[in-house]
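Novice: the following comprises the amino acid sequence and a computationally predicted model.
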Amino acid sequence: MKTTELDERLSRIEDLLLSQKTVLNFDETAVYTGLSKSHLYKLTSTGGIPCYKPTGKKLYFDKEELDEWMLRNKKVSQDEIDDKAENFLLERGLS
């Protein structure tokens, strides 16, 4: 097996292991969110992302909170806008 194939398999195994964890360290969070380490650090220092610092040194992140954070500020689809408009008109007897 070629080195690149082994690297790819190892990467997939690491991804699977990461998906099983509920608490992530700083490096794992950068990988999980796709954020650069410098941007992630900036977010932690400004309170822009939920994190924990139990010993005052290392940062930890709750995976469920990260999922909620990443899925905030949803961009509504045109279909959802159309449905809301139609429901609004129906409720007011205008359609």
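Specialist: In hand now; what should we look at? Numbers count the residues shown, from 1 in each chain.

Novice: where along the protein do the strands fall?
Specialist: 23-25, 60-62 (DSSP state E).

Novice: tell me which of those strands is the most buried.
Specialist: Mean neighbours per residue, mean count of other Cβ atoms under 10 Å, is largest over the strands of the chain for strand 60-62, with a mean of 18. (Glycine included, C-beta is placed from N, CA and C.)

Novice: pretty sure residue 50 is touching residue 66, no?
Specialist: Yes: judged on Cβ atoms under 8 Å, residue 50 makes contact with residue 66 at a distance of 7.4 Å.

Novice: settle it for me: which of those two has more neighbours?
Specialist: Shown here are residue 50 and residue 66; by other Cβ atoms under 10 Å, residue 66 has more neighbours (17 against 14).

Novice: look at residue 22 and report its pLDDT.
Specialist: According to the prediction, residue 22 has pLDDT 93.

Novice: can you name the residues that contact the residue nearest to it when sequence neighbours are not counted?
Specialist: Nearest non-adjacent residue to residue 22, counting by Cβ to Cβ, 6 or more residues apart in numbering: residue 63, 5.2 Å away. Neighbour list for residue 63: 21, 22, 23, 24, 32 [criterion: Cβ atoms under 8 Å, 6 or more residues apart in numbering].
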